[in-house]
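> Have a look; sequence and predicted model below, questions after that.
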Amino acid sequence: MWAGVDIGRGHHHVAVVDGEGERVFSRRVVNDETALLGVISEVMGLAEQVTWAIDLNSSESRLLVTLLLDHGQKIVYVPGIMVNRAAEGYRGAGKTDAKDALIIADQARMRRNLTVLDGDDDLVVELRMLVARRTDLAADRTRAVNRLHDQLLAICPALQRVLDPTTQGPLILLTGFQTPAMLRELGAEGLTAWLRERKVRNAAALAAKAVTAAASQETTLPAERTAALLAAQLAQGLITLNQQIKDLDQLIEETFRRHPSAEVIASMPGIGVLLGAEFIAATGSMTRFTGPDQLASFAGVTPVPRDSGRVSGNLHRPQRYSRPLQRVFYTSALLSIQSCPDSRHFYDRKRAEGKRHIQAVLALARRRVNVLWALLRDNRTYQPTPPLTIAA
């Protein structure tokens, strides 16, 4: 039998179908260990072999997945987009958790290409949590920088042009002084002394730029005091975010270095500690992949045909792939063009063949999948010249 689970935060819905696709069990269960163990035991009693399917592989399903693996159950992953598209082929126009669970179970019964979830070790789970947290903090920092730009424009456009909120010095300045009048009153010498007390680099140059910009505007814009207050808060928040990201990067590096393949992954040109950690977080165990072709397909760097009738050779990016893993290979390919002569030569050759920039980078990323796979398979670090193979 096949058990489909529609995952939720507080509750899951479990539906079981037999070999004919008929529903034999359907129940809503609390996301709690005792309740889940009861349902698992009851479902396991329905058949000698049960395949479980879930539509969400995240923190909401972690307790259920752990319990199922502890009981030796097989778990497959049915992506949510697959469930949504398959729903059109089932009776009824409504959408309920019970119907979704039934669709998940039936799709697991019919499909043979679903990813099997075998669980990850603690190190992979740690990296996945840390990488996700860093992604959130980086997004928060980007939003805060854009909002600070907006607040500075509401105070003094000239000041916004000379102060870069992505660096530490201007942020420290903005925690104390935000308006042209405040900067003019303090003067360049006073501002330089104030910045030096707070260990700001190039304090004199920064103070001169800020005071010069402040001197160019005598007009007080509407709601300047409120804008100044918000700018100071945003600047202080950015300083805190930068420190959090710095501390998190150190923790990510320490965790990444504990992985047995860390040295091999980091040796690839363009892949450092952060991208290496993202690679491990996105792939987990490499035993899930049968070869570099499957890994490249999962990363979305292998084009798929979209032919019809007389139209052939129409290649497009696949719709189902891992966005985080594609980011690893695409970003590392971009960086390797600048640092690795072999990557640069490959990119230039693709450009000479008429490929656009993105196409050439994707082609390079695809080639690098083969290289990284070979390195992980042989457990050796990257070398510009491959080692000679001596025939026996």
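Perfect, thanks for sending it. Please read all numbers here as calculations on a predicted model, not as lab measurements.
> Just give me how far stretch 208-226 sits from the chain centre.
Counting by Cα atoms, centre = their mean, to the nearest Å, stretch 208-226 is centred 40 Å from the centre of its parent chain.
> Next, the distance between the ends of stretch 90-101.
Stretch 90-101 has an end-to-end distance of 12 Å (Cα to Cα, to the nearest Å).
> What residues sit buried inside that stretch?
Residues of stretch 90-101 classed as buried by neighbour count (16 or more other Cβ atoms under 10 Å): 97, 99-101. In this view, the C-beta of every residue, glycine as well, is placed from N, C-alpha and C.
> try stretch 169-186
169-175, 177-181, 183, 186.
> Closest one of these to Arg288?
Checking the buried residues of stretch 169-186 against Arg288 with Cβ to Cβ, the nearest one is Leu171 at 43.1 Å.
> wait, doesn't Tyr77 sit right on Asp118?
No. Judged on Cβ atoms under 8 Å, Tyr77 makes no contact with Asp118 at a distance of 10.9 Å.
> The two - which one has more neighbours?
More neighbours surround Tyr77 than the other of Tyr77 and Asp118, with 18 against 13 (other Cβ atoms under 10 Å).
> bridging residues for the more buried one?
Ile54, Thr115 (DSSP bridges).
> Following the chain onward from the helix or strand of the chain at the bottom of the mean pLDDT ranking, which element is next?
Ranked by mean pLDDT, DSSP states H and E, the weakest helix or strand in the chain is strand 315-316, scoring a mean of 70. Scanning forward in sequence from strand 315-316 by DSSP states H and E, the next helix or strand is helix 323-339.
> Buried residues in that following helix, which are they?
324-337.
> same question, stretch 294-311
295-302.
> now do the same end-to-end measure for that stretch.
First-to-last residue span, stretch 294-311, Cα to Cα: 26 Å.
> ok, now stretch 310-330?
End-to-end for stretch 310-330, by Cα to Cα: 32 Å.
> can you tell me the helix or strand for Gln383?
Going by DSSP H and E, Gln383 is not part of any helix or strand.
> Can you report phi and psi for it?
phi -130, psi 140 (degrees, to the nearest 10).
> Number of residues surrounding it?
Gln383 has 9 neighbours, counted by other Cβ under 10 Å.
> Would you state the helices of the stretch 51-200 of the chain in chain order?
Here the stretch 51-200 of the chain has its helices, by DSSP state H, counting those that start in this stretch, at 62-70, 80-86, 97-110, 122-153, 157-162, 168-176, 180-197.
> Would you mind finding the most buried of those?
helix 97-110 (a mean of 22; mean count of other Cβ atoms under 10 Å).
> Give me the packing partners of that helix, helices and strands only.
Helices and strands touching helix 97-110, by 3 or more Cβ pairs under 8 Å, 6 or more residues apart in numbering; DSSP states H and E, are strand 2-6, strand 11-17, strand 23-30, strand 51-54, helix 80-86.
> ok, the spatially most central residue of the chain - contacts?
Centre of the chain computed as the mean C-alpha position; nearest residue by Cα atoms, centre = their mean is Pro324, 4.3 Å away. By Cβ atoms under 8 Å, 6 or more residues apart in numbering, Pro324 lies in contact with 131, 278, 281-282.
> so which of the buried residues of stretch 294-311 comes closest to Arg349?
For those, the nearest to Arg349 is Val301 (17.4 Å; Cβ to Cβ).
> Please state the offset of the top helix by length along the chain from the chain centre?
As assigned by DSSP state H, the longest helix anywhere in the chain is helix 224-257. Per Cα atoms, centre = their mean, the displacement of helix 224-257 from the mean C-alpha position of its chain is 19 Å.
> Ser339 contacts Gly272, doesn't it?
No. Checked against Cβ under 8 Å, the pair Ser339 and Gly272 is beyond contact range at 10.6 Å.
> how about low-confidence regions in this protein?
For the chain, applying pLDDT under 70 flags the ranges 386-392.
> Run a quick neighbour tally on Tyr382.
With other Cβ under 10 Å as criterion, Tyr382 counts 18.
> For the helix or strand where Asp348 lies, which residues meet the burial criterion?
For Asp348, the host element (DSSP H and E) is helix 341-352. Residues of helix 341-352 classed as buried by neighbour count (16+ other Cβ under 10 Å): 343, 346-347, 350.
> how near is Leu159 to Gly21?
Going from Leu159 to Gly21 by Cβ to Cβ, to the nearest Å gives 67 Å.
> Please disregard the earlier target; I meant Val301.
Separation of Val301 from Gly21 (Cβ to Cβ): 36 Å.
> cool, and Leu274?
To Gly21, Leu274 is 46 Å away according to Cβ to Cβ.
> the more surrounded of these two?
Between Leu274 and Gly21, Leu274 has the larger neighbour count (other Cβ under 10 Å), namely 16 against 12.
> what residues are up against Ile239?
168, 171-172, 175 are the contacts of Ile239 under Cβ under 8 Å, 6+ apart.
> Pro318 now?
With Cβ under 8 Å, 6+ apart, Pro318 has these contacts: 297, 300, 302-304.
> same thing but 7 Å
Listed by Cβ atoms under 7 Å, 6 or more residues apart in numbering, the contact partners of Pro318 are 297, 300, 304.
> in terms of contact, does the second one touch Tyr321 like I think?
Yes. Gly300 sits in contact with Tyr321 when judged by Cβ atoms under 7 Å, with a separation of 2.9 Å.
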